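K.L.:
predicted model and sequence follow; I will ask about them next.
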Amino acid sequence: MPEQQGTLDFRTDRARIDQLDQSIIALLRQRLEISRSIQQRRTETGGARIAEGREEAVIGRYRDALGGTGGALAETLLRLCRGTEPGRTRP
Ligand SMILES: C=C(O[C@@H]1C=C(C(=O)O)C=C[C@H]1O)C(=O)O
């Protein structure tokens, strides 16, 4: 029996959410690859991995669009793109 609440059936909307999540994950992987490429090229030429001013701009973009939680999401996204999470070698 499908999961229902009263007469509501969430299957169609949940299928759309699942599709959107797959698209978001694919976009995140693209972003991660480009971000790490920039970081690698910078460190290989003696620069710092992190560009704080640029990160502030990225966080501000998400905060402006989505509020404080959006800013927190951007901070998590930047940690993902740095690839420096302890104990993780892959995204
Ligand atoms: C990708 C860059 O390098 C780092 C990663 C960033 C990102 O993932 O958006 C932003 C700033 C840097 O800390 C960059 O400088 O643009």
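P.N.:
That came in fine, so what should we check first? Numbers count the residues shown, from 1 in each chain.
K.L.:
now the longest helix anywhere in the chain: how far from the chain's centre is it?
P.N.:
Longest helix in the chain, counting residues (DSSP state H): helix 11-44. Between the centre of helix 11-44 and the centre of its chain there are 6 Å (CA atoms, centre = their mean, to the nearest Å).
K.L.:
up against the ligand, what does the chain have?
P.N.:
35, 38-39, 50-51, 54-55, 58, 78, 81 (CB under 6 Å from any ligand atom). All C-beta atoms are positioned from the backbone trio N, CA, C, and that covers glycine.
K.L.:
go through these and flag which are in helices.
P.N.:
Under the assignment DSSP H, those contribute 35, 38-39, 54-55, 58, 78, 81 to helices.
K.L.:
quick revisit: which of the residues of the chain next to the ligand are buried?
P.N.:
Buried by 16 or more other CB atoms under 10 Å: 35, 39, 58, 78, 81, out of the residues of the chain next to the ligand.
K.L.:
elements contacting the longest helix of the chain?
P.N.:
helix 68-82 (3 or more CB pairs under 8 Å, 6 or more residues apart in numbering; DSSP states H and E).
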